[in-house]
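Engineer: Quick one, fold the following:
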Amino acid sequence: MIKKIIFFTFIILFLNACNSTKTLIYKETPKKNIISQIEVPVKPNTINKNIVKNQIPNKKTEIEKKVLSNDEIIKKALMQFYNEWKGVRYKFGGNSKKGIDCSAFTQRIFKEKFNIKIPRSTRTQVKVGEKIKKSQLKLGDLVFFKTGRIDRHVGVYMGNGKFMHASIKGVKFTKLNKNFYKKAYWTSRRIIKDL
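Structural biologist: So this is what the prediction gives:
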C-alpha cells in the first residue's frame, strides 16, 4: 500500500513539473468568427481559473491577460510600421529610408509585419489577394489608384476612410475622399485573411 502511495505521489509531482509556462488564449470575435491566438506567459505555480475548474478556494489564482482581436493586431502592426517610416521621402524605384515608392512601401509592410510576400510593382500587386468593393474595405486592405494615363498608385487602408502610403510628399496618411484620390480610385484587394 505504501509503495502505491509513493508511486502515485511521484507521478503527480512529475506531471506537475512538466507543465508549460505559457498558455494559449483564443478569442472569437463577434463579427465573422475570426479566432486570434495569443501566447500569454503564465507565472509558475499559479492556476488559471479558466483552465482548471477544481481549485482551492480563497487562493488568488488569476493572471492578467490581454486578448487582442484580429483588427487590433493588424492596427498595431501597421502603426508600428508607420511610425518607423513616417516622413520618409518618396523616390521612384526607392526601397529604403533614403526614399521609397508606393509599391515598395506596401511590399515591405506585408513582408516585415505579416510575413506575406507580395510582388514589387503596383501593376502586379493589383493581381494578388481577393478583389473587394470600396464599401467592403477593412483595415490592412490594399487600395489602388489610376493617377495618370499609365501611372498607378497603391496604399494600405487604415480605417475611418484613411489610407497610408508613400506619396510625393512622403510616407503619410490621406483621406480616401480627398478629391484627387476619390476621382483616381481604381480597385481594392484583401491580402490579409486571418492572423
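
Engineer: Residue 188 belongs to a strand?
Structural biologist: Yes: secondary structure of residue 188 (DSSP: H, G, I helix; E, B strand; the rest coil): part of a strand.

Engineer: Verify the stated contact: it with residue 142.
Structural biologist: Yes: using C-beta atoms under 8 Å, residue 188 makes contact with residue 142 at a distance of 6.4 Å. Every residue, glycine included, has its C-beta placed from N, CA and C.

Engineer: ok, these two, which is more surrounded?
Structural biologist: Between residue 188 and residue 142, counted using other C-beta atoms under 10 Å, the more crowded position is residue 142 (28 against 23).

Engineer: Find me the pLDDT at residue 25, would you?
Structural biologist: Per-residue pLDDT puts residue 25 at 37.

Engineer: re earlier: find residues that contact each of residue 188 and residue 142.
Structural biologist: residue 157 (C-beta atoms under 8 Å, 6 or more residues apart in numbering).

Engineer: where does the chain have low pLDDT?
Structural biologist: The model of the chain has pLDDT under 70 over residues 1-66, 195.

Engineer: how about the helices in it?
Structural biologist: For the chain, applying DSSP state H gives helices covering 2-17, 70-85, 102-114, 122-125, 179-184.

Engineer: Include mean neighbour count and distance to residue 94 when you put those helices into JSON lines, please.
Structural biologist: As requested, those are exported to JSON lines (neighbours: other C-beta atoms under 10 Å; distance: least, C-beta to C-beta, whole Å):
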{"stretch": "helix 2-17", "mean neighbour count": "9", "distance to residue 94": "55"}
{"stretch": "helix 70-85", "mean neighbour count": "16", "distance to residue 94": "12"}
{"stretch": "helix 102-114", "mean neighbour count": "20", "distance to residue 94": "6"}
{"stretch": "helix 122-125", "mean neighbour count": "17", "distance to residue 94": "14"}
{"stretch": "helix 179-184", "mean neighbour count": "12", "distance to residue 94": "21"}
